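>>> this is a predicted model, with the sequence first.
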Amino acid sequence: MRFDNPIYDHGFVFPDISDFPDVIHEPKYQGNGKEESVSIMKEAIQKNDLNMFQNGYQYYMKNVDTKLFNKLNTMFQFYSNFEDNRSELDIPSNEIYEDLFERGISYLKISTKVLQDKLQDDINNLLNTPDWRPPPGQFDRAKQLGPEYVKLVNDLFNRVGILQGATKYNKGKQLQVKNVVLHIATPTEENWKQFLYDCKTVTKTTNLHIDPKEDVIKAMLYLNDITLDDGPFSYVEKSNRWIYDDLQNIFGRAISTGSYCHTPESRAVVFQLPKQLRISHNFGRVLLDNTEEQERIIEQEKMFTSDKGNLCIFDPAGMHRGGICKSGTRIALQILMK
């Protein structure tokens with residue numbers, strides 16, 4: 001979220017997970033969400049009082065889920081101090097900063113020959129990996145790259161001004177490349193359906209999401225030519241600037257990391273909550289096809305194909321997704337700066 005360049009009138013409403021057709025008959029809390037405990041949690045946010053916040057959500061969540069409770073506590077603490085911890089750094093502006101500030105994403109074209117040559121054996125190995133159904137949180141075909149590649153990408157990003165622009169945009173501290181993952185997406189990919197994994201209905205916006213924690217910048221570097229059939233990365237431009245309800249923001253982010261809602265048991269924990277809090281920042285699958293809400297998002301979603309470049313730098317606080325291949329294959333590096 002951009003408190004120095006906010007958009008309040010975006011009109012987006014996070015959908016209630018329990019309204020998804022495949023799970024609509026599962027038991028859920030029937031209250032209207034205006035009870036005293038919701039007011040307590042909102043007051044807790046204003047007072048930065050974690051104990052008060054815990055008392056609020058525990059009123060509903062009698063079926064204890066330690067992982068989700070921990071995520072709620074973590075997100076409460078992170079976002080209670082988020083704005084205070086971001087101070088402007090005295091760094092010159094550049095085009096990457098201006099793109100991020102205005103629309104949340106910047107497109108570039110760089111040489112990838114050195115990386116492709118060094119990674120060819122790893123690419124071949126991943127391409128030869130048999131299809132499988134990975135558990136929630138894992139890719140079908142991916143490899144965590146070591147310090148050699150982290151340094152190589154960091155040096156490259158430093159030379160072309162990416163670290164400069166990303167740091168100025170992110171505020172607070174000098175960013176460095178901290179993580180590089182080689183990921184190959186194919187038409188048989190399963191990981192993009194992991195939210196509501198046990199359900200059959202797949203909507204046109206499945207896997208559209210917002211990353212749960214901010215204070216990082218990400219990049220996607222293509223190592224092959226990407227068309228609309230090859231699972232291009234996509235981004236809803238300017239959605240990094242959209243401001244949401246504080247309480248929904250905490251619950252949406254916590255649920256997106258604390259629960260994939262991939263079994264009836266995992267959903268039962270979330271469905272204890274009132275309607276306004278049964279949401280996830282991994283919301284794309286729950287946006288139903290041909291609804292006004294979904295169509296409005298699709299109209300704003302921009303596909304990153306090779307005619308725009310081979311590298312995009314983006315704020316993961318904006319809506320994004322990728323790797324959903326129709327017929328081709330996407331070979332890419334997913335890069336984290338923090």
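Sure, I can see it.
>>> centroid residue for this structure?
Centre of the chain computed as the mean C-alpha position; nearest residue by CA atoms, centre = their mean is D211, 2.6 Å away.
>>> next, count neighbours for the spatially closest residue to C325 that is not a sequence neighbour.
The shortest distance from C325 to any residue that is not its chain neighbour, by CB to CB, 6 or more residues apart in numbering, is 3.8 Å, and that residue is G231. (C-beta placed from N, C-alpha, C; glycine too.) When neighbours are defined as other CB atoms under 10 Å, G231 has 25 of them.
>>> go on, N63?
Summarising burial for N63: neighbours were counted as other CB under 10 Å, giving 11.
>>> and R278, by the same measure?
Tallying neighbours of R278 according to other CB under 10 Å, which is how burial is gauged here, yields 25.
>>> return the residues in contact with it.
R278 makes contacts with D16, I17, S18, K28, Y29, V270, F271, as judged by CB atoms under 8 Å, 6 or more residues apart in numbering.
>>> determine which two of the residues you listed are furthest apart.
Greatest spacing in those, by CB to CB: I17 and Y29 (12.1 Å).
>>> now L287: how far from E301?
Using CB to CB, to the nearest Å, one obtains 11 Å as the distance from L287 to E301.
>>> between the two, what contacts are shared?
By CB under 8 Å, 6+ apart, the residues touching both L287 and E301 are L208.
>>> the more surrounded of those two?
Neighbours per residue, other CB under 10 Å: of L287 and E301, the larger number sits with L287, 22 against 18.
>>> show me where the stretch 1-150 of the chain dips below the pLDDT cut-off.
Along the stretch 1-150 of the chain, segments meeting pLDDT under 70 span 1-2, 32-34, 84-85.
>>> I'd guessed E88 sits against K171; true?
Yes: contact status for E88 versus K171: in contact at 6.0 Å, counting by CB atoms under 8 Å.
>>> now the strands for the stretch 51-200 of the chain?
In the stretch 51-200 of the chain, the strands defined using DSSP state E, counting those that start in this stretch lie at 105-108, 142-144, 177-185.
>>> so for K47, which of those sits nearest?
When those are ranked by proximity to K47 (CB to CB), strand 177-185 comes first, at 33.6 Å.
>>> whatever helix or strand comes next after that closest one - what's its average pLDDT?
With elements assigned by DSSP states H and E, the helix or strand that comes after strand 177-185 is strand 217-222. Strand 217-222 carries an average pLDDT of 98.
>>> quick one: contacts of the very next helix or strand once past strand 217-222?
Scanning the chain past strand 217-222 towards its C-terminal end, the next helix or strand to appear is strand 233-236 (assignment: DSSP H and E). Outside of strand 233-236, the residues within contact range by CB under 8 Å, 6+ apart are 104-105, 208, 220, 297, 300-304, 312, 314, 318-323, 332.
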